[in-house]
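Visitor: Model the structure of this input:
(chains A and B)
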Amino acid sequence: EDQVTQSPEALRLQEGESSSLNCSYTVSGLRGLFWYRQDPGKGPEFLFTLYSAGEEKEKERLKATLTKKESFLHITAPKPEDSATYLCAVNTGNQFYFGTGTSLTVIP
Amino acid sequence: NAGVTQTPKFQVLKTGQSMTLQCAQDMNHNSMYWYRQDPGMGLRLIYYSASEGTTDKGEVPNGYNVSRLNKREFSLRLESAAPSQTSVYFCASRPGAKGEKLFFGSGTQLSVL
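Guide: Numbering: from 1, shown residues only, chains lettered A, B, ... in the order given. Here you go, the predicted structure:
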């Protein structure tokens, strides 16, 4: 059964305190792994797509990496505006499977 | 750039009432999706349309129907709303090529009393 698990469920960081979010997956026929950011009351906003193990993508303070079983979203020196829920999803063709997300709070 | 537009943004229904959630995209995408998002459950697929003229069930289709009206529009209908359908509903679209990302609308918050 295709499954996506994110950890931790919630994370509180001091401003400037770097950390990582985890997304582990078990799917057959991975077509892509996606990271989204979701702010309260809004739809998910695309961050990254990773297609193969070893691939890395960066955007400002965020860096996403992918292995054969999991992906990490590294947040370097976070700021309060990085507070949001981060969602991981895998695509196996026409369907996407989403994790339940990590709620990140960055305290000034 | 409007992207994916959903209406309404908020709706309150009584048990047994019916309603249709509207979704339109202006990006010429082939594939469109309806998800529901509940606390602790993540985004779950209700129905999707891989291309104009086709629709398929997702993970949680019971109690819902969909119509792909044309390439731009994909509606979700609740025939007889139940409290268990209280949720936030998101429409999404993508070009259709496998591996392409989803573009999401801003959501409809639905409460069924």
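
Visitor: Please, which helix or strand holds residue A:5?
Guide: Using DSSP states H and E, residue A:5 falls within strand A:3-7.

Visitor: State the distance from the closest residue to chain B within chain A to residue B:46.
Guide: Among all residues of chain A, residue A:43 sits closest to chain B, at 3.6 Å; criterion: Cβ to the nearest Cβ. No exception for glycine: its C-beta is placed from N, CA and C like everyone else's. Distance of residue A:43 to residue B:46, given as Cβ to Cβ, to the nearest Å: 15 Å.

Visitor: sorry, back to before: now do the residue of chain A closest to chain B: how many residues are near it, please.
Guide: 22 (other Cβ atoms under 10 Å in any protein chain shown).

Visitor: Confirm it sits in a strand?
Guide: No: according to DSSP: H, G, I helix; E, B strand; the rest coil, the state of residue A:43 is coil, so it is not within a strand.

Visitor: Leaving out chain neighbours, which residue sits closest to it?
Guide: Distances taken as Cβ to Cβ, 6 or more residues apart in numbering or on different chains put residue B:104 closest to residue A:43, at 3.6 Å, once the chain neighbours are dropped.

Visitor: Give me the distance between that neighbour and residue B:35.
Guide: Separation of residue B:104 from residue B:35 (Cβ to Cβ): 8 Å.

Visitor: Can you tell me which residues in chain B are near chain A?
Guide: B:4, B:31, B:33, B:35, B:40-45, B:48, B:50, B:56, B:58, B:90, B:92, B:98-107 (Cβ under 8 Å from any Cβ of the partner chain).

Visitor: Give me the buried subset of the residues you listed.
Guide: B:4, B:31, B:33, B:35, B:42-45, B:48, B:50, B:58, B:90, B:92, B:100-105, B:107 (16 or more other Cβ atoms under 10 Å in any protein chain shown).

Visitor: In strands, which of these appear?
Guide: In strands, judged by DSSP state E, the following of those are found: B:4, B:31, B:33, B:35, B:42-45, B:48, B:90, B:92, B:103-104.

Visitor: and those residues as TSV, adding pLDDT?
Guide: Putting these into TSV (pLDDT from 0 to 100) gives the following:
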residue	pLDDT
B:4	97
B:31	94
B:33	97
B:35	98
B:42	87
B:43	95
B:44	95
B:45	95
B:48	95
B:90	98
B:92	97
B:103	96
B:104	97
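
Visitor: With distance to residue A:72 as added columns, please give those in TSV.
Guide: Supplementary listing: these in TSV, determined by distance: Cβ to Cβ, whole Å:
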residue	distance to residue A:72
B:4	29
B:31	28
B:33	26
B:35	25
B:42	19
B:43	21
B:44	24
B:45	25
B:48	29
B:90	25
B:92	24
B:103	24
B:104	23
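
Visitor: and which of those residues is nearest to residue A:74?
Guide: The shortest gap between residue A:74 and any of those belongs to residue B:42, at 21.8 Å (Cβ to Cβ).

Visitor: in the sheet, who's paired with the closest one?
Guide: Here residue B:42 shows beta-bridge partners residue B:38, assigned using DSSP bridges.

Visitor: Sweet, I'm off.
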